[in-house]
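# sequence first, then the predicted structure, then my questions.
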Amino acid sequence: MAFKLGVLLRNARLDATNANLGSSATLKIFSGAVPANCAAADPSGLLATITLPATPFAAASGGVLTKSGTWSTTGSAAGTAASFRIYDSSSNCAMQGNVTTDLILDNTSISIGQAITVTAFNDTAGNA
């Protein structure tokens, strides 16, 4: 039988994300596919790096963690965004996913110097 967690516990688990990331987390956007896991090498094609706000996520609500503040930068290379990784303050991969399903950009076709903004990022806890 699989565990079923209550909303308060799911929120508490999600809220630990800010503490684990630290105050200087970064988001990297790549043109390569999402790797098998965070222990794998970075995807190919680094397109942009965003320094996240000191508290990148709002307090979890209903088992969902959403981005806080503005996540934006300019493109450092040209390509089509396919994957992302968020790194903690010690540059360890903390989470990764797919652009367009897990992290939404204002435009996935990136060019050098182009403004890039993350318009949505939601992390929904499992075991509901």
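Now that the structure is in, tell me what you want to look at. Numbering: from 1, shown residues only.

# wait, is Leu9 part of a helix?
Yes: according to DSSP: H, G, I helix; E, B strand; the rest coil, Leu9 belongs to a helix.

# that one: how many residues sit nearby?
13 (other CB atoms under 10 Å). In this view, the C-beta of every residue, glycine as well, is placed from N, C-alpha and C.

# repeat for the one 5 residues further on
The burial metric for Leu14, expressed as a neighbour count using other CB under 10 Å, is 20.

# leaving out chain neighbours, which residue sits closest to it?
Ala60 (3.8 Å; CB to CB, 6 or more residues apart in numbering).

# quick one: contacts for the residue nearest in space to the middle of the chain?
Geometric centre of the chain, nearest residue: Ile86, 4.9 Å, by CA atoms, centre = their mean. Contacts here follow CB atoms under 8 Å, 6 or more residues apart in numbering; on that basis Ile86 touches Leu21, Ala25, Thr26, Leu27, Lys28, Leu52, Pro56, Cys93, Ala94, Met95, Gln96.

# the longest strand along the chain pairs with which strands?
As assigned by DSSP state E, the longest strand anywhere in the chain is strand 115-124. Partner strands for strand 115-124, per DSSP bridges, with pairing direction: strand 64-66 (antiparallel), strand 72-74 (antiparallel), strand 103-105 (antiparallel).
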